[in-house]
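Visitor: Sequence first, predicted model second:
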Amino acid sequence: MRTLLVKNAKSIVTMNGEREVVEGGSLYAVGQEIVAIGKDLPYEDADTVIDAAGKIVYPGLINTHHHLFQTLTRNLPLAQECGLFDWLGTLYGIWRHLRPEDVHIGAVVGLGELLKSGCTTAADHFYCFPDGISGELIDEEIRAAAELGIRFYPTRGSMTLGRSKGGLPPDVVCQTDDVALKDTIRVIERYHSADRFAMVRVGVAPCAPFNVTSDLLRESAALARSYKVRLHTHLAETLDEEAYCLEKFGVRPLEYMEKHGWVGDDVWFAHGIHFDDGEISLLGKHSCGVAHCPSSNMKLSSGVLPLLKMRDAGVRVGLGVDGSASNDGGNLLTEARMAYLLHKLSHGAASIDAAGALALATRGSASVLGWEDGIGSLEVGKAADLFLIDTRRLEFAGALFDDMALPIVTGFSRPVDMTIVGGKVVVDGGRLVGVDEELAAEKAQAAALRLVTEAAALTGSDYRRSRLARA
Ligand SMILES: Nc1nc2[nH]c(O)nc2c(=O)[nH]1
């Protein structure tokens with residue numbers, strides 16, 4: 001097995017249970033696994049030796065919620081000044097034109113951006129399967145993840161309740177329950193691994209209460225449990241969703257999900273903003289997880305996650321960038337800073353510190369994904385998933401007093417210097433290894449333009465014009 005030595009770092013921020021920071025530390029890995037962390041390790045003959053002088057080593061960040069296909073529809077003026085339902089209504093009309101090659105290039109760009117922000121494991125919620133598309137779309141992003149070398153957690157999403165049946169999306173982006181379930185089984189059987197250092201794990205993820213049938217929710221829960229894989233969906237994101245559930249089902253969103261088997265330690269919800277106190281204690285009692293997506297929640301004016309109440313109740317909380325179209329970026333370090341700032345503003349200066357924000361993106365996210373045994377901190381026996389930042393940058397001058405907090409409090413948003421996944425260097429000098437970034441960007445921009453042009457021809461909408469300009 002290949003070996004790796006990262007030596008003489010300025011410090012190693014371990015994010016272990018004691019949040020230890022090893023000054024002048026080195027880290028040695030065999031294959032994917034960390035075998036030693038300490039000073040002056042005797043492994044100079046490792047296959048790869050990285051001199052980390054002046055650099056801080058952090059555990060790889062973990063993204064618990066994304067929609068990579070949306071990378072091709074960000075910064076569209078018509079979709080900027082809307083809440084969730086209008087935003088979705090605008091974008092469904094573009095996403096219906098997605099082709100397999102769009103899904104692939106969108107994932108290359110989105111995952112590449114994540115790797116460059118220090119993210120080493122990414123979950124994705126892929127839920128848009130337009131009518132008439134031949135090709136297995138989610139497979140395209142799994143292929144992209146393997147090309148980039150990121151640890152990947154695709155969740156097979158679905159929409160099966162179209163407008164004609166009372167749901168939000170147009171029928172053209174919906175499948176039948178049967179087709180969605182059969183393909184979910186195919187994806188699990190083909191790709192899922194429960195291994196501690198798996199490069200791909202699969203989750204089951206009907207999209208949201210307002211776009212899937214109740215039968216699909218029930219059957220998805222049973223299916224996931226029969227395969228021992230996790231369940232994921234959007235929940236309690238907006239008050240519109242709450243009103244929809246009350247009107248259509250006569251109950252609040254969480255009660256609706258609970259009725260269909262969606263409460264348990266194998267479930268994580270994206271957003272989770274509008275839970276009341278009783279619901280938060282139910283989530284805590286059952287160890288449910290929540291993917292906190294602060295940028296998206298601010299951008300769509302969805303609300304503020306009740307982080308402190310969740311923490312007190314024992315709800316597992318991790319971090320997500322959400323789809324690039326409701327964030328317009330995909331930088332997980334920036335997301336940790338957003339959480340840090342948002343909760344200080346909303347819940348008081350002492351509600352969160354930078355270590356707490358970093359913990360959301362590392363240990364917290366690992367716990368949400370049920371992967372505490374493999375990822376989320378730098379410890380012997382865990383994966384060598386990490387990133388390095390050189391402290392000798394202009395942006396850090398005068399700020400070198402707290403290595404754990406440094407990239408969060410300074411608002412560092414440049415590419416990290418190096419990212420390593422499972423002992424393998426995948427970002428070096430701030431660039432993706434083995435990827436022609438300019439070519440990928442060019443292909444992605446061409447695909448984005450084609451998608452918007454096709455949509456405009458069909459809907460007559462001018463996607464480059466903002467709603468505010470119209471008013
Ligand atoms: N932030 C988002 N919320 C969603 N709900 C839903 O049904 N789809 C989405 C989405 O893409 N982003």
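Guide: Received it, and whenever you're ready, just let me know what you need.
Visitor: quick one: low-confidence ranges for this structure?
Guide: Across the chain, the ranges flagged by pLDDT under 70 are 134, 470-471.
Visitor: List the contacts of the residue of it found nearest the ligand.
Guide: The nearest approach of the chain to the ligand comes at Ala208, 3.6 Å away (C-beta to the nearest ligand atom). For every residue, glycine as well, the C-beta is placed using N, CA and C. Shown in contact with Ala208 (C-beta atoms under 8 Å, 6 or more residues apart in numbering): Thr233, His234, Leu235, Glu237, Glu241.
Visitor: Can you read off the backbone torsions of Tyr153?
Guide: Phi and psi for Tyr153, reported as degrees, to the nearest 10, are phi -130, psi 70.
Visitor: tell me the secondary structure for the closest residue to it other than its chain neighbours?
Guide: Spatial nearest neighbour of Tyr153, excluding adjacent residues (C-beta to C-beta, 6 or more residues apart in numbering): Ala123 at 3.8 Å. Following DSSP: H, G, I helix; E, B strand; the rest coil, Ala123 is assigned to strand.
Visitor: which ones are touching Ala123?
Guide: Counting by C-beta under 8 Å, 6+ apart, Ala123 touches 62-66, 153-155, 203, 232, 291, 320, 369.
Visitor: Over to Ser365?
Guide: Leu61, Ile62, Asn63, Thr64, Thr121, Ala291, Gly318, Leu319, Gly320, Gly376.
Visitor: cool, Leu217 as well?
Guide: Pro206, Pro209, Met257, His260, Gly261, Trp262.
Visitor: Which positions in the longest helix along the chain come out as buried?
Guide: Ranked by residue count, the top helix of the chain under DSSP state H comes out as helix 437-459. Neighbour counts over helix 437-459 (16 or more other C-beta atoms under 10 Å) mark Ala440, Lys443, Ala444, Ala447, Ala448, Leu451, Val452, Ala455, Ala456 as buried.
Visitor: Show me which of these is closest to Lys182.
Guide: For those, the minimum distance to Lys182 (C-beta to C-beta) is 27.3 Å, reached by Leu451.
Visitor: My read is that the closest one contacts Leu76, right?
Guide: No. Leu451 is beyond contact range of Leu76, at 10.1 Å (criterion: C-beta atoms under 8 Å).
Visitor: what residues are shared contacts of the two?
Guide: In contact with both Leu451 and Leu76: Ile94, using C-beta under 8 Å, 6+ apart.
Visitor: from what I can see Glu454 touches Trp95, true?
Guide: No. Contact criterion C-beta under 8 Å: Glu454 and Trp95 do not qualify, at 11.0 Å.
Visitor: Enumerate the residues of the protein near the ligand.
Guide: His67, Leu84, Leu88, Cys207, Ala208, Asn211, His234, Glu237, Ser296, Asp322, Gly323, Ser326 (C-beta under 6 Å from any ligand atom).
Visitor: Quick check, the third one in contact with Arg163.
Guide: Okay, so that is Leu88. No. Between Leu88 and Arg163 there is no contact under C-beta under 8 Å: 11.7 Å.
Visitor: Please identify which of these two sits among more neighbours.
Guide: More crowded of Leu88 and Arg163, by other C-beta atoms under 10 Å: Leu88, with 22 against 16.
Visitor: quick one: contacts for the more buried one?
Guide: So, once contact is read as C-beta under 8 Å, 6+ apart, Leu88 ends up touching Leu168, Pro169.
Visitor: Can you pull the phi/psi pair for it?
Guide: Leu88 adopts backbone torsions of phi -60, psi -40, taken as degrees, to the nearest 10.
Visitor: check which helix or strand covers Met310.
Guide: Using DSSP states H and E, Met310 sits within helix 307-313.
Visitor: Adjacent strands (with direction) for whichever helix or strand comes after that helix?
Guide: Downstream of helix 307-313, the first helix or strand assigned by DSSP H and E is strand 316-319. Sheet pairing here is set by DSSP bridges, and for strand 316-319 it gives strand 289-292 (parallel).
Visitor: So for the strand it pairs with, what gets flagged as buried?
Guide: Gly289, Val290, Ala291, His292.
Visitor: quick one, strands of the stretch 351-471 of the chain?
Guide: 386-390, 418-421, 424-428, 431-432 (DSSP state E, counting those that start in this stretch).
Visitor: For the contacts of Ala208, give me CSV that also has neighbour count and secondary structure.
Guide: Formatted as CSV, the contacts of Ala208 follow (neighbours: other C-beta atoms under 10 Å; DSSP: H, G, I helix; E, B strand; the rest coil):
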residue, neighbour count, secondary structure
Thr233, 26, strand
His234, 26, strand
Leu235, 27, strand
Glu237, 24, coil
Glu241, 24, helix
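Visitor: mind giving me the domain split of the chain?
Guide: Listed domain ranges for the chain are 3-59+377-432, 61-368 (source: automatic domain parsing).
Visitor: want to throw those into JSON lines with distance to Ser466?
Guide: Listed next are these as JSON lines, based on distance: least, C-beta to C-beta, whole Å:
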{"stretch": "domain 3-59+377-432", "distance to Ser466": "24"}
{"stretch": "domain 61-368", "distance to Ser466": "4"}
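Visitor: which one of the ones you listed is the most hemmed in?
Guide: Most buried of the domains of the chain by mean neighbour count (mean count of other C-beta atoms under 10 Å) is domain 61-368; its value is a mean of 21.
Visitor: Please list the outside residues in contact with stretch 279-290.
Guide: Residues outside stretch 279-290 that contact it (C-beta under 8 Å, 6+ apart) are 64, 236, 252, 254, 258, 263-265, 267-272, 275, 305-306, 309-310, 312-318, 367-370.
Visitor: For it, C-alpha coordinates in CSV please.
Guide: Output in CSV follows, covering the C-alpha atoms of stretch 279-290 (Å, rounded to 0.1, in the frame of the first residue of the first chain):
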residue,chain,number,x,y,z
GLU,A,279,-40.3,18.7,17.1
ILE,A,280,-36.7,19.6,18.0
SER,A,281,-36.9,17.4,21.0
LEU,A,282,-38.3,14.6,18.9
LEU,A,283,-35.5,15.0,16.5
GLY,A,284,-33.0,14.9,19.3
LYS,A,285,-34.6,11.9,21.0
HIS,A,286,-34.3,9.9,17.7
SER,A,287,-30.8,11.3,16.8
CYS,A,288,-31.9,12.6,13.5
GLY,A,289,-29.5,14.7,11.5
VAL,A,290,-29.8,18.1,9.9
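Visitor: For Val416, give me phi and psi.
Guide: Dihedral angles (degrees, to the nearest 10) for Val416: phi -70, psi 160.
Visitor: State the distance from it to Leu68.
Guide: Distance of Val416 to Leu68, computed by C-beta to C-beta, to the nearest Å: 20 Å.
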